[in-house]
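> next one to model:
(2 chains)
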Amino acid sequence: MKFTLSWLKSHLDTDADVDAIAEALTDLGLEVEGIENLAEKLRDFTLGYVTHAEKHPDADKLRVCKVNTDEGELQIICGAPNAREGITVVVAKPGVYVPGIDTTIGVGKIRGIESYGMMASEREMELSDEHDGIIELPSGEVGQSFTDWLAQNDPAKVDPVIEIAITPNRPDALGVRGIARDLAARGLGTLKPLASPAVESGFQSDLTVSIDDNTLDGCPVFCGRLIKGVQNGPSPQWLQDRLRAIGLRPISFLVDVTNFFTYDLNRPLHVFDADKVSGNLRVHRAAGGEEIVALDDKTYSLQAGQMVISDENGPESIAGIMGGAETGCTPETVNVFVESAYWDPVQIAYAGRALKINSDARYRFERGVDPAFTPEGVDHAVAMILEYAGGEASNFIQAGKVPDTARAYKLDAKRVISLVGMDIPEATQRQTLTALGFRLEGDMAHVPSWRPDVQGEADLVEEVARIASLTKLEGTPLPRVNSGVPKPILTPGQSRARTARRTAAALGYNECVTYSFIDQKTAALFKGGDDATMLDNPISSEMSHMRPALLPGLLQAAARNQARGFMDMALFEVGDAFHGGEPGEQHTLVTGLLIGRTGPKDVLGASRPVDVFDAKADAEAVLSAMGAPAKVQILRGAADWWHPGRHGMICLGPKKVLGVFGEIHPKILREMDVKGPAMGFTLWPDEIPQPKNRTTNKGAARINDLQAVERDFAFVVDAGVEALTLVNAAAGADKALITDVRVFDEFIGGSLGEGKKSLAITVRMQPSDATLKDDDIAAVGAKIVEKVTKATGGVLRG
Amino acid sequence: MDDLKAKYLDLIGKAGDEAALEDLRVAALGKKGEISLQMRELGKMTPEERQVAGPALNALKDEINSALVAKKSALADAALDARLRDEWLDVTLPSRVRPAGTIHPISQVTEEVTAIFADMGFSVAEGPQIESDWYNFDALNIPGHHPSRAEMDTFYTHRAEGDNRPPHVLRTHTSPVQIRSMEKTGAPTRIICPGRVYRADYDQTHTPMFHQVEGLAIDRDISMANLKWVLEEFVKSYFEVDNVDIRFRASHFPFTEPSAEVDIRCSWEGGTLKVGEGDDWLEILGSGMVHPKVLQAGGIDPAEWQGFAFGMGIDRIAMLKYGIPDLRAFFDSDLRWLRHYGFAALDVPTLHGGLSC
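Modelled structure (predicted):
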C-alpha cells in the first residue's frame, strides 16, 4: 500500500514529519517498507540565473556560461541546447550529488576551460525522463533552494511517497483514511472529518438492479446511481499526480475515480458504460461455463456458484473481482452507472483463487471492506464525477440491505494489563478504542463496521497494545517452573538422535541434511515413490515424493561430490523417512554412507578401500552408543538395495531389526550415477529396547586376581558356515569360564580344498576359584571342539 | 696379587665386546680361573696366613666382578648409542590420517537453542511433517479462505481418487506441534518445537524445505512482557553478547493476539553482523500472545490460561551467527561446505561450557 504525505494530510491534520510518521506506522503494525523522498535527494540543488553564455572556443556544442548563484558568479560549461543568457536554472555546485547520473559534482576542466558546477535536467534529478535540455524555471530567486521552489510551484514532485506492508487483518488500512485514523489514535494528529456528499437526484433511473435470493449471502447490498451526460477525459492534475505517485497509470477520469476511492477510502467501485448495458443489472450465481472478457482483456470461464453481474446479454462483470470489457468506460462514454456493492470476503477469496485473478478489488473484498459505507461510497464517487465531468445523477438505487455487523465485546482493563504486561490505565484504553472508532457503552466496546478483524476480547487487547506501542514494552523475568537446577528435558528418542549424530561425527562422518523429497524414480528404487507419498504441487519433478529412506539422498549427495572430484567420503544423516502419506507415517533413521578409501594415499600405507566391515564397525559403534544390547543376531535378507551376499541385519530376533550394514547393490549405484563400491548402514533408533529399570548404578565390577588363559583353536568348516555360529558354539562350552571368543583368522580354499575354509579363534578363560591347571584347560578345549563340531560340522584343524 | 689385579683391570678396560669380557671372567673367576685357583690354595695355608690372604683375595674377586659389570654396562650403552644413531626418522613425514567428522550447523544450532530454553524450563516437542490441514491451519485460526493460507505456498499431498478428504499438507510451520502438544499435556506447559517445515519457494533466500523452532509457554499469568524477557535472554545467550536491544513491532499472525515482530539491534560492517551494537535493526522472529481460539483448539480454556508463542528460522539464525551466506548450500551436502561450516563431534553446546567454544 502506497500513499503520499499530502494524500495522508488530506485526512490527517498533523505537523509530524515523514520520519516521525514512518516510525509510528511501523510501530503500529503498518510496517514501512520504503520511503521515496525526492526532496531529501535534491536538498542541495539551488536556483541560478544565466547572465552570459557563449560558445566554447574548442567545442561547437558546448557553451561557457556565467551563472549567478548564492555563492556569487560561477563559470559553468554546459552542453544543453537551451543553455542561454537570461534563464533561471537549477544548479548543482561542486560537492552536490546528482542522483540521475549517480555522480558527485566536482570542479573540472572541459576542453581546457574550467567548470564550477552543473545545470541540471529533469532526468538528472529523477523528476522525469525529460532530458532534451536543462530546466528553465518561470520564476524563482537566485540562491533559492530548488525543493522549496518545487514545494511552492509543483508540490506533487516533492511529495514523499510512503509504502507500507498491510497484514491481512487490516483491510481498513488499505485506504489512506484508515492509516490516518491509526496515526491520530497514536496522537500524531487529528483525523479530519469526512463530509457526506450531498447529491441531488435529478431523475428516476430506468436502469434497476436485482439480487437473486440465493446470492444475498454473497452480495447483501448493491448500490448505485445512473449519471447522464458526463464528459470523460483526462483527470485533473492533482488526481493524476496522486495516482502516478503510487504507481498507477491515469487512464481516464471515470476509471481514475474508481481507483482513487479504492485507495483513499478502501471503497472499490465499478463504473459501467450505461449505454452498453442492455436492460437491467442482475446479481446472481453463475450456472457454470459462462464466458466473460474482463477488463484485462482475458476471457474467463465462470464456475457454477461464482457471483456475477449480468444484463440481458449475459455476464458483464465478475462480481467483486473485475469488471467486463464489454461495458467498460471509454473516452466516448457519456452515460454511466456507478456501482458500490458489498461482497462476502470468503466467496470472493475462493472465486478469485479459482479464477486466478489478482485485482485491487479482489484483494480488498477478500480482506473485507466496510459494508456500512457501501451506500455512501456511491455518492462520494458520484459527487466527484459531477464536479469534474458534469452530468446529472439519478435517484439512489439500492438492492438488498447493508448487513448488520453490529457486535460488542467486553473491555476488561485488568485482563489487558495482565496479557500485555504493561500498565495502561483504563482511561487510556478507552480513549484508544474510541479514537479507533469503537463506541464504548459501559465496559462494552462496539466494533466499528470497518474492522471485520475484531472478533473478540483478544482483539481489543491487540488494539490497545499496539496503539500504546509495543516498542515501549519492558521485559519481565519469566519465573522458573521449579526452583532449583533445571531437569533434563530430552526424550529418549531425542537423546538417541543426538548420540547417534555425535558418535557418527566422532567416527569421521560428515553430517548432511538432505531434502525430504526426492524424484519418483529414485524413490521407487527404495520401495517408495507411490501415490500416497506424492506431492500434488511439487516445486520440480526432482522433488516429487517424500523420501522412503535416507540412503537415496546421501547417494545423490555422494554423486554430486564425486562430480566435484571428491572420491573418498563418509556421509551420514539423522532424520525422518516416510512410509505413508498420513500424519505420523514417518520414522527416524540413522544412515551412514562410506565410499572410496579410508583416507588419501599415505606414506605409511594405512589407506585402503572401505569395506563392509568398516560399515559394520560404525553401525555397531553407533548402536552401542544409543544403548543397544551387545548381544545381537546377524541375519540376512534385508531390502534389495543391499548387495545380496554382502550385508547383514543386526537383529534382536528375526522381527526386531535394529539396523542393516553392508555394500550397496551395484545396480543402485549404476542407476544413481555413483562410482562404487559403496558401503553403508541404516539404523532404526526407535527399535532399540528401552532399559526396563533406569538406574545409575553400574553394579560391581568383576575383577579377578587369578590369571586368565588364552588358547587358540582352528577349525575347518564348510565355506558357508558363519563365523558367529562357531563363536557362539565355542562360547557355550563353558559359560562361566569363557569370557571372550575372538575370530582372528579366516583362510579359504588352498590345501583345504573346494568349499572349505579354516576359522581360527582365540578363547579367553578366566577362572574365578583356582588357577587353571593343564588338565582343566584340556577338558575345556575338548568341550569347545565338541560344541563347535556339533554346531558347524567342522573339525579341529591338525 | 697386585699384579693379578693390575693385569685383569687392564684387560677388562681393553675388552671390545661382551664375548671378550666373558673370556676374561672365565680366565679370572671361572672354575679354573687364576683367582679361583688361588682361592683353592687358601686351604693349604696356616690360619695366620689365611687371615691375611682370604680377605685380600675376596676383595680382589669383588673388584674384578664390579669392573666386569661396569664394563658390560658401558659396552651396552655404547652399542645402544650406536644403534640409535642409525635409527633416524624423517619426522616431518605426515602422520596417519584420522578422518574428522562434522555436525551440520542445523543440528548444532538446534542443540544450542535447546540448551538455552531447557534452562528456562522448556522441553522439546515433536510432531509429524505431513500434517492434516486442520492442525496446520484451522486449529491455528487460519480458516480455509484466509489470505495467509494462500500466501504460505503450501505443499499438498496427493489424494487418491475417491478420497474426498481435504489433502494433507507438508507443515508450513512448526506451529501445529503446539496444538498437538497442548492436546497431550494441557496447561501449564513450556515447549519448543524444532523441525523441518516446507514452503513451495526456491531462490537464494528460500528453499522448499527449511527449519523452524517454535516456542510456547502457557500458564495463568504469563504476559507479553515475559515473552520479551525470554526473547532478550535467548538472543543474548544465543549470540553470546552481554547486552542486546530487542524491539517489538506490532504485527499480525492469525494464531497470536497481540502479535509482534521482533527486531534485534545490530550493525553490518564489511558484511559481518554484530549483534547488540549499531543502528540497524534485524528482524529475527514473529511472536505474540496465543490467540484464545488456538488455546481452545488445543483443549485449553482461555478464560483460565494464557501464554505466548514465537517462531523463528533455525537456518536463518545459524546463517546470522556463523556468517553462512547462502541458504541453498545447507542442503547440498558439498563436502567442502560441510567441513568448513560443520562442528566437531565433541563441540557439544552447553551453557556451562559455552555454546560455541
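> what's the offset of the helix or strand bottoming out on mean pLDDT in chain A from the middle of its chain?
Using mean pLDDT, DSSP states H and E, helix A:38-41 stands out as the lowest-scoring helix or strand of chain A, at a mean of 83. Offset of helix A:38-41 from its chain centre (Cα atoms, centre = their mean, to the nearest Å): 33 Å.
> quick one: the strands in the stretch 151-300 of chain A, in order.
Assigned by DSSP state E, counting those that start in this stretch, the stretch 151-300 of chain A shows strands spanning A:161-164, A:190-191, A:209-211, A:221-228, A:270-273, A:281-285, A:291-293, A:299-301.
> reformat those strands as a markdown table; add mean pLDDT and mean neighbour count.
C-beta here means a position set from N, CA and C on the backbone, and glycine is covered the same way. Formatted as a markdown table, the strands of the stretch 151-300 of chain A follow (pLDDT from 0 to 100; neighbours: other Cβ atoms under 10 Å in any protein chain shown):
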| stretch | mean pLDDT | mean neighbour count |
| --- | --- | --- |
| strand A:161-164 | 95 | 20 |
| strand A:190-191 | 96 | 16 |
| strand A:209-211 | 95 | 18 |
| strand A:221-228 | 96 | 24 |
| strand A:270-273 | 94 | 24 |
| strand A:281-285 | 95 | 21 |
| strand A:291-293 | 94 | 16 |
| strand A:299-301 | 94 | 14 |
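> looking at the ones you listed, which is nearest to chain B?
Comparing the strands of the stretch 151-300 of chain A against chain B with Cβ to the nearest Cβ, the closest turns out to be strand A:161-164 (12.0 Å).
> please save the CA atoms from that closest one in CSV.
C-alpha atoms of strand A:161-164 as CSV (Å, rounded to 0.1, in the frame of the first residue of the first chain):
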residue,chain,number,x,y,z
VAL,A,161,5.7,8.5,-1.1
ILE,A,162,5.4,6.0,1.8
GLU,A,163,5.0,2.3,1.1
ILE,A,164,3.7,0.1,3.9
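> tell me what that strand is packed against?
Secondary-structure packing of strand A:161-164 (3 or more Cβ pairs under 8 Å, 6 or more residues apart in numbering or on different chains; DSSP states H and E): strand A:2-4, helix A:5-9, helix A:18-28, strand A:32-36.
> now these as a markdown table including mean neighbour count and distance to B:Arg171?
A markdown table is the format used below for those (neighbours: other Cβ atoms under 10 Å in any protein chain shown; distance: least, Cβ to Cβ, whole Å):
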| stretch | mean neighbour count | distance to B:Arg171 |
| --- | --- | --- |
| strand A:2-4 | 21 | 34 |
| helix A:5-9 | 21 | 40 |
| helix A:18-28 | 19 | 30 |
| strand A:32-36 | 14 | 28 |
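> which one of the ones you listed lies closest to A:Val420?
When the helices and strands packed on strand A:161-164 are compared by Cβ to Cβ, helix A:18-28 sits nearest A:Val420, at 14.5 Å.
> contacts made by that closest one with the rest, please.
A:5, A:8, A:14, A:16, A:31-32, A:35, A:37, A:160, A:162, A:164, A:179, A:182-183, A:186, A:188, A:466-467, A:469-471, B:249-250 (Cβ atoms under 8 Å, 6 or more residues apart in numbering or on different chains).
> now the helices: where do they sit in the stretch 101-250 of chain B?
Applying DSSP state H, counting those that start in this stretch to the stretch 101-250 of chain B gives helices spanning B:105-119, B:133-136, B:147-151, B:175-185, B:224-239.
> quick one, strands of the stretch 1-150 of chain B?
According to DSSP E, counting those that start in this stretch, the strands that the stretch 1-150 of chain B contains are B:123-124, B:130-131.
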